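**Student:** Requesting a structural model of the entry that follows:
(2 chains)
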Amino acid sequence: MTKLPAHPASFRDNSGFVFAENGTLYRQVNNNYKSHYELLLQSGLYEKLIEEKVLVAHEEVSTPIADADMHYKTLRPELVPFISYPYEWSFDQLKDAALLTLSINKTAIEHGMILKDATAYNVSFKKGRPIFIDTLSFETYNPELPWIAYRQFCQHFLYPLFLEHYCKIPAIQLLSVHLEGITAAFAAPLMPWKAKWNLGVRLHLLLQQSVSANGKGRTIQFSKQKMLQLLSHLESVVRSLKAGYPEQTTWNNYYEETILGKDYLHAKAAIMKNWLSSFSGKTIVDFGANDGYFSQLAASYCEEVIAADFDASCINRAYLQHHPNIYPIVLDLTNPSPAIGFNNEERSKLSDRVKPQLSFALALVHHLAIAKNIPLASIAGFFHSFEGDLIIEWVPKSDEKVKQLLSNREDIFDLYTQDQFELQFANYYTIEKSALVPGTDRILYSLKRK
Amino acid sequence: MNLNPILLYVDPGSGSYLVQVIIAAVLGALFYFKNLWLQIKVFFFRPKKNEPPVKNDAPND
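**Tutor:** From the prediction side, this is the model:
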């Protein structure tokens, strides 16, 4: 029988693997995981986690069978509309994912099971909340042993959160180069002296760094009570951590303080609503979403909106609204999430994970063209690399914001003109509609992909 | 960055087992003393807290 290949990210765990057939995602459960899988169902753990809406539901199907030699069951998991990666999350997204992992682990222990891994990639977001997506992460609990995934939990969740909280640095985005998480050896020297007096930091970070192989060969004695104390302590440590975002970042008060004022926003929203009323697609990507003002507007016209902005503080605010149709991600458009991991296939690039029918680039083009020196032709090509049509806002040199951008630098942007803008985008799109935003020199374009 | 060469060869699970045993011992001790402190507080302060209702209800007062 022909074997169906496993998903490139699904090779670490020999309990099973994820594979696709005809565009549908399945999970094969291997024979060696049979007893654990049966316990998951029989103990009531699966039912409990589904009832709490914290684990992705699945149904057992008889076909397809990806690898008959190892096959025990095939599962068809409930679809998660968009998979984001931890390095695309803001502080509270990672914090909530950490708390979800700990809470699921405690529930599992009460049902005689435990998480055998605790990677942040086991969590994604659905309906504005984190959800656990790896059904095969549970194994039979042995109370005499400590938590096998403890260090992984620290590296994927706790240390990035510590660094954000105590050092006020965007450590979560570092996860894109530390795929196995931030190690104790990396995080400990960065901790400020006052953090070293914190019990959570001392126990879960500094101690881990100082205890090495000395424990090898010793008899380890643990108990369920100790395990629950450990998990509760981790929970209280994570709960106490706060985002270290500065009060005022580049964009976090953009809408409140914009010199263009609320009239501008309302006028733009009116045009957008008019244009969106005929939209019939499923997915919209809002590039440069800020805290999601226009993402919320878009959410009424489609099933899901990916709200992307490079300012983690804005994305954090967008996330904290827990809008069921909005998927906020931290994304630098000048360096979007690449394909990384083993063979550059484990974590796919953004344009492979989202296939929108429409994208927004509102009040964005001048930042890319003038602040980042990206030619208009390249900007047009970038948006075209995502599927679907485009609504884009042209911001001319006469605009206050562009004047600000040019105030401290030489104007080398002779080609930054409306004619050039239309010419370059015409290579990829047809102009369907355009409208001047009242009270400004800005023009909204509705572009149809060629 | 200094990476401890010994750590690189330690099995990821067993390396963190000892840490967890130590943490559990510290947390256990803290929990014990917290409980002890609560018992002491209850021993000294509970009668005072209950005093007013006891006084009011006492027929001899």
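**Student:** and the residue of chain B found nearest chain A, what helix or strand is that in?
**Tutor:** Distances between chain B and chain A by C-beta to the nearest C-beta are smallest at B:Leu18, namely 2.9 Å. Where you see a C-beta, it was placed from the backbone N, CA and C, and this is true even at glycine. Using DSSP states H and E, the element containing B:Leu18 is helix B:12-57.
**Student:** Isn't the residue of chain B closest to chain A up against A:Phe222?
**Tutor:** No. Using C-beta atoms under 8 Å, B:Leu18 makes no contact with A:Phe222, being 10.9 Å away.
**Student:** what about the residue of chain B closest to chain A, how many neighbours?
**Tutor:** Using other C-beta atoms under 10 Å in any protein chain shown as the criterion, B:Leu18 is surrounded by 21 other residues.
**Student:** can you check A:Thr183 too?
**Tutor:** 18.
**Student:** Contacts only, for it.
**Tutor:** A:155, A:159 (C-beta atoms under 8 Å, 6 or more residues apart in numbering or on different chains).
**Student:** give me every residue that touches A:Asp303.
**Tutor:** To be clear, residue A:303 is Glu; Asp isn't right here. A:81, A:282-283, A:325.
**Student:** same thing but at 10 Å, please
**Tutor:** By C-beta atoms under 10 Å, 6 or more residues apart in numbering or on different chains, the residues touching A:Glu303 are A:81, A:281-284, A:324-325.
**Student:** Check A:Phe421 too.
**Tutor:** The neighbourhood of A:Phe421, defined by C-beta under 10 Å, 6+ apart, consists of A:365, A:369, A:376, A:379-380, A:392, A:394-396, A:415, A:443, A:445.
**Student:** can you check A:Arg239 too?
**Tutor:** The contact partners of A:Arg239, taken as C-beta under 10 Å, 6+ apart, are A:95, A:98-99, A:102.
**Student:** Which ones among these lie within strands?
**Tutor:** Of these, none are assigned to strands by DSSP state E.
**Student:** Closest to chain B out of these?
**Tutor:** Taking C-beta to the nearest C-beta as the measure, chain B lies nearest A:Leu102 of the contacts of A:Arg239, at 14.2 Å.
**Student:** Pull up the gap between the closest one and A:Leu234, please.
**Tutor:** 6 Å (C-beta to C-beta, to the nearest Å).
**Student:** Compare these two (neighbour count), which wins?
**Tutor:** Set side by side, A:Leu102 and A:Leu234 show more neighbours around A:Leu234, with 25 against 22, by other C-beta under 10 Å.
**Student:** Ramachandran coordinates for the more buried one?
**Tutor:** phi -60, psi -40 (degrees, to the nearest 10).
**Student:** try A:Ser124
**Tutor:** Backbone torsions of A:Ser124, given as degrees, to the nearest 10, read phi -140, psi -170.
**Student:** coming back round to it: quickly list what's touching both of B:Leu18 and A:Phe222.
**Tutor:** Joint contacts of B:Leu18 and A:Phe222 (C-beta under 10 Å, 6+ apart) are A:Pro146.
**Student:** Next, count neighbours for A:Pro192.
**Tutor:** The burial count for A:Pro192: 10, using other C-beta under 10 Å.
**Student:** Please disregard the earlier target; I meant B:Lys34.
**Tutor:** 10.
**Student:** do A:Glu247 as well
**Tutor:** Neighbours around A:Glu247, by other C-beta under 10 Å: 7.
**Student:** Do I have it right that it meets A:Ser313?
**Tutor:** Yes. With contact defined as C-beta atoms under 10 Å, A:Glu247 counts as touching A:Ser313 (9.3 Å).
**Student:** Which residues lie in contact with A:Ser90 in this structure?
**Tutor:** Taking C-beta under 10 Å, 6+ apart as the test, what A:Ser90 contacts is A:164, A:170, A:172-173, A:243, A:245, A:309, A:311-320, A:328-330.
**Student:** Repeat that for A:Ala149.
**Tutor:** Taking C-beta under 10 Å, 6+ apart, one finds A:101, A:105, A:114-119, A:122, A:137, A:156, B:12-13, B:16 in contact with A:Ala149.
**Student:** Buried ones among the contacts of A:Glu303?
**Tutor:** A:81, A:283-284, A:325 (16 or more other C-beta atoms under 10 Å in any protein chain shown).
**Student:** farthest-separated two in those residues?
**Tutor:** A:Pro81 and A:Ile284 (11.9 Å; C-beta to C-beta).
**Student:** remind me which residues of chain A are low pLDDT?
**Tutor:** Chain A contains residues with pLDDT under 70 at A:1-2, A:212-219, A:248-260.
**Student:** try 80 this time
**Tutor:** Within chain A, the segments meeting pLDDT under 80 span A:1-4, A:8-12, A:209-220, A:247-261.
**Student:** Now do the domain split for it, please.
**Tutor:** Taking automatic domain parsing as the reference, chain A has its domains at A:16-77, A:86-240, A:254-449.
**Student:** For these, give me JSON lines that also has distance to A:Pro8.
**Tutor:** As requested, the domains of chain A are exported to JSON lines (distance: least, C-beta to C-beta, whole Å):
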{"stretch": "domain A:16-77", "distance to A:Pro8": "10"}
{"stretch": "domain A:86-240", "distance to A:Pro8": "13"}
{"stretch": "domain A:254-449", "distance to A:Pro8": "4"}
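**Student:** Quick one: closest of these to B:Lys41.
**Tutor:** domain A:86-240 (21.0 Å).
**Student:** mind checking the end-to-end distance for that closest one?
**Tutor:** By C-alpha to C-alpha, to the nearest Å, the extent of domain A:86-240 from end to end equals 20 Å.
**Student:** from the middle of its chain, how far away would that domain be?
**Tutor:** Its chain's average C-alpha position is 18 Å from that of domain A:86-240, according to C-alpha atoms, centre = their mean, to the nearest Å.
**Student:** so which of the contacts of A:Arg239 would you say is closest to A:Val437?
**Tutor:** A:Lys95 (37.4 Å).
**Student:** for the closest one, what are its contacts?
**Tutor:** A:89, A:130, A:157, A:160-161, A:164-165, A:172, A:238-239, A:241-243, A:316.
**Student:** Among these, which ones are in strands?
**Tutor:** Short answer: the contacts of A:Lys95 in strands (DSSP E) are A:Pro130.
**Student:** you'd agree A:Gly44 is up against A:Ala108?
**Tutor:** No. The criterion here is C-beta under 10 Å, and A:Gly44 misses it with A:Ala108 at 11.1 Å.
**Student:** Settle it for me: which of these two has more neighbours?
**Tutor:** A direct count of neighbours by other C-beta under 10 Å for A:Gly44 and A:Ala108 places A:Ala108 higher, at 22 against 13.
**Student:** Which helix or which strand is home to the more buried one?
**Tutor:** helix A:91-110.
**Student:** buried sites along that helix?
**Tutor:** So, applying 16+ other C-beta under 10 Å, buried residues of helix A:91-110: A:91-109.
**Student:** Can you show me the helices along the stretch 301-450 of chain A?
**Tutor:** Applying DSSP state H, counting those that start in this stretch to the stretch 301-450 of chain A gives helices spanning A:312-320, A:350-353, A:365-366, A:376-384, A:400-406, A:418-425.
**Student:** So which of those helices is nearest B:Phe31?
**Tutor:** Of all the helices of the stretch 301-450 of chain A, the one in closest proximity to B:Phe31, counting by C-beta to C-beta, is helix A:312-320 (33.1 Å).
**Student:** Tell me what angle that closest one forms with helix A:91-110.
**Tutor:** 50 degrees (axes from the mean of the first three to the mean of the last three C-alpha atoms, to 10 degrees).
**Student:** Now find how far off-centre helix A:312-320 is within its chain.
**Tutor:** 12 Å.
**Student:** Now do the buried residues in it.
**Tutor:** Buried residues in helix A:312-320 (16+ other C-beta under 10 Å): A:312-320.
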